[in-house]
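S.K.: please work out how this folds:
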Amino acid sequence: MTEQQHQGRVVGVNGNMVSVAFDTSVIQNEVAYVVVGDTRLKSEVIRVRGNEADLQVFESTNGIRVGDTVEFSRELLSVELGPGLLTQVFDGLQNPLPRLAEQAGFFLQRGLYVQPLDRERRWAYTPKAAVGDTLRPGDTVGSAPEGIFEHRIMVPFAWSGEWQVTWTAPAGELTVVDPVAKVSNGSEERNVTMLQTWPVKIPITNYKQRLFPRDTLVTNIRCIDTFFPVAKGGTFCTPGPFGAGKTVLQHALSRRSEVDIVIVAACGERAGEVVEVLREFPHLEDPRTGRSLMDRTIIICNTSSMPVAAREASIYTSVTLAEYYRQMGLHVLLLADSTSRWAQALREMSGRLEEIPGEEAFPAYLESLVAGFYERAGLVELNDGSRGSITIGGAVSPAGGNFEEPVTQATLKVVGSFLGLSRERSNARRYPAVHPLESWSKYRSVVAAKDLDRARQILRSGNEVDQMMKVVGEEGTPTDDFVVYLKSELLDAVYLQQSFFDEADADCPAEKQVYCFAKVLAVLDAKFQFTDKADARSFFHKMRQAFLDWNSSLWKTDSFTKAEAAIDRLIQTGLNA
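M.R.: Predicted coordinates for the structure are as follows:
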């Protein structure tokens, strides 16, 4: 077909949705370009009806007129995959923002697109496959070092069947577009390069099998790893109102979690929060490597001031990049902030499409889209026997902290761990503000289940006493009940709460958590003797301060041992009183 036959014309404009009439074949989710003068505006086909298609435009639609030309690319919305993705900051369409800024200045130009991967940069390629080897899509052809990782160069995922290697490039400096191997399936021969593309809305499934996520993803955050754990390859969500500490919690997760790659998808968040991430991450030291945290991070930046349609693209772009690094046997943490903004973009487009609305005018298919996103997480066994995983954590921003709204409810149906952030705890400066009674997890904790049940019982009992004290006052509360309340407050203050700005307290590996939790549990189970409530309050105040001093001591140091001895002396004092 000629280029003319791959074109259509604009017949209607409704916000960022453009209706197009065409005489050729059009594919759902195909990329199209609306031509406005010398500018080509990228868009995606979201609905086809007879000889008309509706496009969502990823740019401002100012200036588009009826009769303007639309060019269909015959390609799905895709991303480029290859070495050079790490340390980058992309927008939702995978344009590298630093290079865009070099060309356009501080204000991004409409219709300006830049290739995601540098075609000129050379990589130290090392062949892994030999001539005569039989490979399948996703199998390794060679590798190139990318920062601290060995970046696998793989047979393109889009190919099918078995391919025999007929030629391999010798070790040397190559660009992403240079052939590194030639393979044949018996009927045709193709070149393999370091660069390949993949449609963002189709999961990458070039692995042997999916595995059930069992191992705990150690985040070094006590309240998560102990009480509401996340599995490596699992899913979790962090709903919470404005100001509840979602951003700081995500910073701590990205810095301390025991994963290889971190991908941050800033979807529709305020520009101020995104700027904070961009400023801090290059200067944060990675505790695992001692290098910059950006060396193993990719940021997908799509702020609330950018076009609404690009929010959806940023979500799918980030999860596709995560799947790519998972195919290398790496463990990836994807933090999406916030999926509520994505859902709002879906609601806006659904309204323009005049679809039957669901609850709160969100599209009726919201739950299936949310489920489809989280289902791309998982632990897989690759063709070579190695394992890789994607752990997805989505921040949800319900209006007023209402967890009954549709986006939160749709998310809770599919995630394995719910970390509900509380306005009450945030106002009381109890951080992280994860509510210990409302949150839950289906995954295995780093501590024994029976010990965890005992601690949860203390928290529930302490909350019941607290509610009773609000009615009858402290004077009308029995001393035994008051001690239960003080024990629950101690558990909250010294274990659930954690300072991410104190290196010793923030660094809390699984071994340290198990050890410290056992010590806290010993205090909770102890039968202390007190003369009155004032005596009990004074004792637990001293115990709280002793534990806080312990938390501020580096693990397995002399100061840690001395602080622990002080706690043991206090316990004996309470038992012998």
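S.K.: need the contact list for residue 110.
M.R.: With contacts defined as CB atoms under 8 Å, 6 or more residues apart in numbering, residue 110 is in contact with 39, 41, 59, 60. C-beta here means a position set from N, CA and C on the backbone, and glycine is covered the same way.
S.K.: how close does the second one sit to residue 57?
M.R.: Residue 41 sits 6 Å away from residue 57, going by CB to CB, to the nearest Å.
S.K.: and what of the first one?
M.R.: According to CB to CB, residue 39 and residue 57 sit 12 Å apart.
S.K.: ok, those two, which is more surrounded?
M.R.: Under the neighbour definition other CB atoms under 10 Å, residue 39 and residue 57 were set side by side, and residue 57 has more, 22 against 14.
S.K.: need the contact list for that one.
M.R.: 16, 17, 18, 34, 41, 42, 43, 64, 307, 309.
S.K.: same list (those) but as a markdown table, adding distance to residue 440, secondary structure and pLDDT.
M.R.: Converted to a markdown table, the contacts of residue 57 look like this (distance: CB to CB, whole Å; DSSP: H, G, I helix; E, B strand; the rest coil; pLDDT from 0 to 100):
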| residue | distance to residue 440 | secondary structure | pLDDT |
| --- | --- | --- | --- |
| 16 | 38 | coil | 91 |
| 17 | 39 | strand | 94 |
| 18 | 44 | strand | 96 |
| 34 | 47 | strand | 96 |
| 41 | 45 | strand | 95 |
| 42 | 41 | strand | 95 |
| 43 | 41 | strand | 95 |
| 64 | 48 | coil | 95 |
| 307 | 37 | coil | 77 |
| 309 | 35 | helix | 80 |
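S.K.: what ranges in this structure fall below the confidence cut-off?
M.R.: Flagging of the chain using pLDDT under 70 yields the residue ranges 1-5, 577.
S.K.: OK, contacts around the spatially most central residue of it?
M.R.: Centrality entry for the chain: nearest residue to the mean C-alpha point is residue 335, 1.7 Å, by CA atoms, centre = their mean. For residue 335, the contact set (CB under 8 Å, 6+ apart) comprises 250, 253, 254, 262, 263, 264, 265, 393, 394, 395.
S.K.: coming back round to it: closest one of the contacts of residue 57 to residue 82?
M.R.: residue 42 (20.8 Å; CB to CB).
S.K.: contacting residues for that closest one?
M.R.: With contact taken as CB under 8 Å, 6+ apart, residue 42 is in contact with 31, 33, 57, 58, 59, 93, 111, 113.
S.K.: drop anything exposed from those residues.
M.R.: In the contacts of residue 42, burial by neighbour count holds for 31, 33, 57, 58, 59, 93, 111, 113, counting by 16 or more other CB atoms under 10 Å.
S.K.: measure stretch 13-22 end to end?
M.R.: Start to finish, the residues bounding stretch 13-22 are 15 Å apart (CA to CA, to the nearest Å).
S.K.: ok, residues contacting that stretch?
M.R.: The list of residues contacting stretch 13-22 from outside it, by CB under 8 Å, 6+ apart, reads 7-12, 32, 34, 43, 46, 51-57, 60-61, 64-66, 70, 72, 307-309, 348-349, 352-353.
S.K.: got a quick ChimeraX command for the buried subset of these?
M.R.: Restricted to the buried members of these, where burial is judged by 16+ other CB under 10 Å, the ChimeraX selection command reads as follows:
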select :7,8,10,11,32,34,43,46,53,54,55,56,57,61,64,70,72,307,308,309,348,349,352
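S.K.: taking the contacts of stretch 13-22 one by one, which sit in strands?
M.R.: In strands, defined here by DSSP state E, the members of those are 7-12, 32, 34, 43, 46, 52-57, 70, 72.
S.K.: my read: residue 394 touches residue 374, true?
M.R.: Yes. Using CB atoms under 8 Å, residue 394 is in contact with residue 374, at 7.2 Å.
S.K.: quick check: neighbours shared by those two?
M.R.: 235, 411, 415.
S.K.: quick check, nearest of those to residue 381?
M.R.: residue 235 (18.9 Å).
S.K.: I'd guessed that closest one sits against residue 416; true?
M.R.: Yes. Look at residue 235 against residue 416 with CB under 8 Å: they come within range, at 5.3 Å.
S.K.: neighbour count winner among the two?
M.R.: A direct count of neighbours by other CB under 10 Å for residue 235 and residue 416 places residue 235 higher, at 26 against 20.
S.K.: mind checking how far that one is from residue 549?
M.R.: The value you get for residue 235 to residue 549, if CB to CB is used, is 37 Å.
S.K.: wait, a strand at residue 255?
M.R.: No. Under DSSP: H, G, I helix; E, B strand; the rest coil, residue 255 falls outside any strand and is assigned helix.
S.K.: from residue 15, how far off is it?
M.R.: Distance, residue 255 to residue 15, using CB to CB: 39 Å.
S.K.: ok, these two, which is more surrounded?
M.R.: With neighbours defined as other CB under 10 Å, residue 255 and residue 15 compare such that residue 255 has more, 21 against 14.
S.K.: relative to residue 226, how far out is that one?
M.R.: Taking CB to CB as the criterion, residue 255 is separated from residue 226 by 19 Å.
S.K.: next: residue 570.
M.R.: The spacing between residue 570 and residue 226, counted by CB to CB, is 22 Å.
S.K.: same check on residue 530?
M.R.: If you go by CB to CB, the gap between residue 530 and residue 226 works out to 28 Å.
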